[in-house]
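Peer 1: sequence-free structure coming up:
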């Protein structure tokens, strides 16, 4: 059973808000805040793949803010989560879905 802040639907909503801030409103600081809220929720209720994608999203925003070392760490963490998913699911294509967006 999930409590309110750790329900998958809450994480999905946080992610949608983050993506709006990131791509439509061009407010990366707010985008980062909501991606981090989504990550916190996902770590408590979801599988590695959702965590990996969110970490990659966080890396994209950090990179756009010029925080390259933080972005690199987020991308590395994301890759580890993709690897866990690949091992668990035996799916060789999961890792291919991570890519860098232009800043």
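Peer 2: Nice, thanks for sending it over. This is a predicted model, so every value here is computed, not measured.

Peer 1: helices or strands up against the lengthiest helix in the chain?
Peer 2: When the chain is scanned for its longest helix (criterion: DSSP state H), the result is helix 68-89. Taking 3 or more Cβ pairs under 8 Å, 6 or more residues apart in numbering; DSSP states H and E as contact, the helices and strands that helix 68-89 lies on are helix 48-64. For the C-beta atoms, the positions are set from N, CA and C on the backbone; glycine is no exception.

Peer 1: run the chain-centre distance for the helix it packs on.
Peer 2: Going by Cα atoms, centre = their mean, to the nearest Å, the spacing between the C-alpha centre of helix 48-64 and its chain's C-alpha centre is 3 Å.

Peer 1: picking up where we left off before, the longest helix of the chain versus helix 48-64: what angle between them?
Peer 2: 170 degrees (axes from the mean of the first three to the mean of the last three Cα atoms, to 10 degrees).

Peer 1: average pLDDT for helix 68-89?
Peer 2: Average pLDDT, helix 68-89: 90.

Peer 1: chain center to it: distance?
Peer 2: Remark: helix 68-89 is offset 10 Å from the chain centroid, using Cα atoms, centre = their mean.

Peer 1: so where is this protein shaky, pLDDT-wise?
Peer 2: Counting by pLDDT under 70, the low-confidence segments of the chain come to 1-8, 46, 91-103.

Peer 1: just want the most central residue of it.
Peer 2: In the chain, the residue lying closest to the centroid (Cα atoms, centre = their mean) is residue 54, at 0.8 Å.

Peer 1: chain neighbours aside, what residue packs nearest to residue 50?
Peer 2: Counting by Cβ to Cβ, 6 or more residues apart in numbering, residue 42 is the residue found nearest to residue 50 once chain neighbours are left out, at 5.0 Å.

Peer 1: and for the one you found, the neighbour number?
Peer 2: Applying other Cβ atoms under 10 Å, we find 26 other residues in the vicinity of residue 42.

Peer 1: what packs against whichever strand or helix holds it?
Peer 2: For residue 42, the host element (DSSP states H and E) is helix 28-45. Applying 3+ Cβ pairs under 8 Å, 6+ apart, one finds that helix 28-45 contacts helix 8-19, helix 48-64.
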